[in-house]
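Visitor: sequence-free structure coming up:
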Ligand code: HEM
Ligand SMILES: CC(C)=CCC/C(C)=C/CC/C(C)=C/COP(=O)(O)OP(=O)(O)O
């Protein structure tokens, strides 16, 4: 039973409490879908769809985006079902609906599987089966490759498993064109190389949680110093890679200029992480302030970069 359901059981429960019960339960089901992470996943999918050549009826386009959102959420629900043991011991995740006992694990699994099937079917019927297949592949990648296989086995988990989160712009592109072409692969590559700096910046200040849960994230296994080095290496790859849309003629100079400036800020932010004052073991002496700032900026970076890609195409018609 949810907290509010328990609270509302008292004789002094105010009128309208039943609505409160429903709302808190709905909130828990929505939390299973990891809506905050999903927002950027959906945005990159939307940009993939907007920059693709060709035309998709607005209702079908909206349906395709809904399918990406539902599929990402469904994969998140299955991830929470599988990870309920480690989520329970990590401070950041202990309050999630399953470890907190507000939603039964089996119900969350059924919810995730049902939504996964529905999103793939609807995507296939509304757009095409190439987009549906890539959507199914990204759910499978996140659930089977990342969550069930790599996450608990290797510090390279998010490098390989991170591909799951790079598929959405490719899915948006395929929804319009029915193909996975070079442009779609370039967008995939940008999110793919962005993921390690994004996640490892967070893991630098959240590694206590992962250590407690026995998850072999890079700072736990190789230490903060090596993590900083790898963050920097992936950032050095990402900044020039983000210029590729202009290089291959998929976007114009306006996007290229935006990517250049954003890349400069990204490198500066990650350089601060690399140069953060450390003790002999590589532990930060600044309470990981640069890593926290870099994690936040990674999200702004990807959002603005993809917004620039869409704006370039829509405004300048590159
Ligand atoms: C394997 C790859 C990835 C891992 C392991 C990862 C991990 C995380 C974690 C642990 C958080 C902390 C917030 C939370 O508790 O949910 C987070 C936040 C976030 N991630 Fe990622 N992430 C990955 C890929 C992505 C991708 C591909 C996107 C979008 C394109 C993304 C977007 C976000 C956003 C927007 C937030 C902030 C959510 C908030 O405001 O709380 N992540 N990520
Ligand atoms: C269309 C489709 C299926 C897209 C998949 C997008 C997606 C869910 C990408 C992965 C991003 C993510 C939430 C990682 C969290 O890792 P984690 O599960 O280790 O984080 P946690 O510790 O917060 O559970």
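Guide: Received, thanks. All values derive from a computational prediction rather than experimental measurement. Ligands and ions are numbered 1, 2, ... in the order given.
Visitor: for the residue in the stretch 151-300 of the chain positioned nearest to ligand 1, helix, strand, or coil?
Guide: At 2.3 Å from ligand 1, residue 165 is the closest residue in the stretch 151-300 of the chain, using CB to the nearest ligand atom. From N, CA and C alone the C-beta is placed, and that goes for glycine too. Secondary structure, DSSP: H, G, I helix; E, B strand; the rest coil: residue 165 is helix.
Visitor: what's the domain layout of the protein?
Guide: Following automatic domain parsing, the chain resolves into domains at 30-179, 181-318.
Visitor: mind checking how far residue 142 is from ligand 1?
Guide: Using CB to the nearest ligand atom, to the nearest Å, residue 142 is found at 8 Å from ligand 1.
Visitor: what's the closest residue to that residue other than its chain neighbours in contact with, if anything?
Guide: Nearest non-adjacent residue to residue 142, counting by CB to CB, 6 or more residues apart in numbering: residue 164, 3.6 Å away. Contact analysis of residue 164 by CB atoms under 8 Å, 6 or more residues apart in numbering lists 75, 138, 139, 141, 142, 145, 146.
Visitor: which of these lies closest to residue 51?
Guide: Nearest to residue 51 among the contacts of residue 164, counting by CB to CB, is residue 138 at 18.7 Å.
Visitor: enumerate the residues of the stretch 51-200 of the chain near ligand 2.
Guide: 68, 71-72, 75-76, 79, 83, 93, 135, 138-139, 142, 151, 164-165, 167-168 (CB under 6 Å from any ligand atom).
Visitor: try it again at 5 Å.
Guide: 71, 72, 75, 79, 138, 139, 142, 164, 165 (CB under 5 Å from any ligand atom).
Visitor: report the buried members of those residues.
Guide: Buried by 16 or more other CB atoms under 10 Å: 71, 72, 75, 79, 138, 139, 142, 164, 165, out of these.
Visitor: list the contacts for residue 299?
Guide: 40, 198.
Visitor: for ligand 2, what is the nearest residue in the protein?
Guide: Counting by CB to the nearest ligand atom, the chain gets nearest to ligand 2 through residue 165 (3.2 Å).
Visitor: ok, that residue touching residue 194?
Guide: No - using CB atoms under 8 Å, residue 165 is not in contact with residue 194; the gap is 9.1 Å.
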